[in-house]
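Trainee: here's my sequence, what's the structure:
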Amino acid sequence: MKHLLLKLILPLSLFSFVFVTKWSYVIVEDGPDDMLFGFPLPYRCSGWHTSMSTQYFLMEMVFDFVVYFIAWLLFIALTNRIFTLRPNRAVVIAIWLVTVLSIGYPVFIATAFDNVFKTKRDLKYQEVDTGVHFMWDGESNPEYEKYFPEKKP
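Mentor: Okay, the predicted model is just below:
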């Protein structure tokens, strides 16, 4: 099982952490309505101090990654009990290559702009709508009037 940690569990955890997550349209108590991203806890939203920036909440991000890691660990452990997993070297290299390539863009975006990294999310919000977010989807806010037609600005 130890050999499967580096060969399968870690790259699949990293890939799924970056590739698929949850979006939440929220009304922030002391800020603009915004989109939060992350599953099970939101760990990323747009920066409010300037455009083209992002806020990252590190404790929530670590917790989310641990959840993904444990889910893949359980899945691989159960699968390994039914079938003995011995991944081919080419498959392991392909998985790591896809993982590194899929992580490259979000890491570049996180380090390239005027982003804010906070230890813990300190904002209060009301969740209005949620859905699944894939890496290739855009991150635009939904129309406010769609959720609150009586409160048109």
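Trainee: heading C-terminal from the helix or strand where residue 98 lies, find the next helix or strand.
Mentor: Using DSSP states H and E, the element containing residue 98 is helix 89-112. Downstream of helix 89-112, the next assigned helix or strand under DSSP H and E is strand 116-118.
Trainee: run the chain-centre distance for that following strand.
Mentor: Relative to its chain's centre, strand 116-118 lies at 15 Å (Cα atoms, centre = their mean, to the nearest Å).
Trainee: again with stretch 62-82
Mentor: 16 Å.
Trainee: try stretch 90-106
Mentor: Worked out by Cα atoms, centre = their mean, stretch 90-106 lies 16 Å from the chain centre.
Trainee: and what of stretch 108-126?
Mentor: 13 Å.
Trainee: buried ones in it, by neighbour count?
Mentor: In terms of neighbour count (16 or more other Cβ atoms under 10 Å), stretch 108-126 has its buried residues at 115, 121, 123, 125. Using the backbone N, CA and C atoms, a C-beta is placed for each residue, glycine as well.
Trainee: what is the last one paired to in the beta sheet?
Mentor: Think residue 125. residue 28 (DSSP bridges).
Trainee: for it, give me its contacts.
Mentor: 26-29, 34, 36 (Cβ atoms under 8 Å, 6 or more residues apart in numbering).
Trainee: ok, and the most crowded of those?
Mentor: residue 36 (24 neighbours; other Cβ atoms under 10 Å).
Trainee: looking at the residue lying closest to that residue once chain neighbours are set aside now. What's its pLDDT?
Mentor: Of all residues beyond its chain neighbours, the one nearest residue 36 is residue 42 (3.5 Å), with distances taken as Cβ to Cβ, 6 or more residues apart in numbering. Looking at residue 42, its pLDDT reads 94.
Trainee: before we move on, what about residue 7?
Mentor: 86.
Trainee: helix, strand or coil for residue 21?
Mentor: Three-state call for residue 21 (DSSP: H, G, I helix; E, B strand; the rest coil): strand.
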